[in-house]
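Visitor: show me how the following folds:
(chains A and B)
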Amino acid sequence: SQTIHQWPATLVQPVGSPLSLECTVEGTSNPNLYWYRQAAGRGLQLLFYSVGIGQISSEVPQNLSASRPQDRQFILSSKKLLLSDSGFYLCAWSISTYQPQHFGDGTRLSIL
Amino acid sequence: EDQVTQSPEALRLQEGESSSLNCSYTVSGLRGLFWYRQDPGKGPEFLFTLYSAGEEKEKERLKATLTKKESFLHITAPKPEDSATYLCAVQASQGAQKLVFGQGTRLTINP
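Guide: Numbers count the residues shown, from 1 in each chain, chains lettered A, B, ... in the order given. Modelled structure (predicted):
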């Protein structure tokens, strides 16, 4: 069966510091991969998605970037974090575009 | 712009007290409507996909239905372990990579 792993589970970072969150999927090949952010009191917002290695699409202009160096690895990065980057970051995968997306357990990011 | 509105924001029920959660949507060409369950501090867990008006899906005490404007998640004789936030999301025919989520309904089942 397929599993998705995100780490770390919790992260506290100072303003201006860099960020790297990692997500890996096991048990499937060439999945679609997604990064979402869930802010308090707001719905999930799609940040990036990828349909293949090196292919990244951005949904929202922001201080973040994403990369997919391997088939089942998706990385969310920032060079300099802002206070507004705080939130709950979720990685998801799907077999294809029109199939359900399955989520990891997220990273709670707090910026001080 | 595609939009999803869920109601109520929060709902408290007694164990065994059945009810329904609502998900109203506007989307330019519905490709699919998804229901998820989210426990505190966890990622959403997939429950159902509905593709066309009139479709129904069931899983244990949950049943999801779909019309052209809204979806309902019916909870029959709920138990305390059904307490969670339930999220609804739509996928449009255009821009289908993006799920548009509602803000969720926080459901609490008291024993």
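Visitor: roughly how far does the nearest residue to B:Gly43 once chain neighbours are set aside sit from B:Thr26?
Guide: Sequence neighbours aside, A:Phe103 is the residue nearest to B:Gly43 in space, at 3.5 Å (criterion: CB to CB, 6 or more residues apart in numbering or on different chains). Any C-beta I mention is one placed from the backbone N, CA and C, and that applies to glycine too. Per CB to CB, to the nearest Å, A:Phe103 is found 24 Å from B:Thr26.
Visitor: please identify which of those two sits among more neighbours.
Guide: A:Phe103 (23 against 13; other CB atoms under 10 Å in any protein chain shown).
Visitor: contact partners for B:Lys57?
Guide: Neighbouring residues of B:Lys57 by CB atoms under 8 Å, 6 or more residues apart in numbering or on different chains: B:Phe48, B:Thr49, B:Leu50, B:Lys63, B:Ala64.
Visitor: now for the residue of chain B found nearest chain A, how many residues are close by?
Guide: Nearest residue of chain B to chain A: B:Gly43, at 3.5 Å (CB to the nearest CB). Applying other CB under 10 Å, we find 21 residues neighbouring B:Gly43.
Visitor: got the contact list for residue 94?
Guide: Picking chain A for this. A:Pro31, A:Asn32, A:Tyr34, A:Pro100, A:Gln101, A:His102.
Visitor: wait, chain B
Guide: Counted by CB under 8 Å, 6+ apart, B:Gln94 has contacts B:Ser28, B:Gly29.
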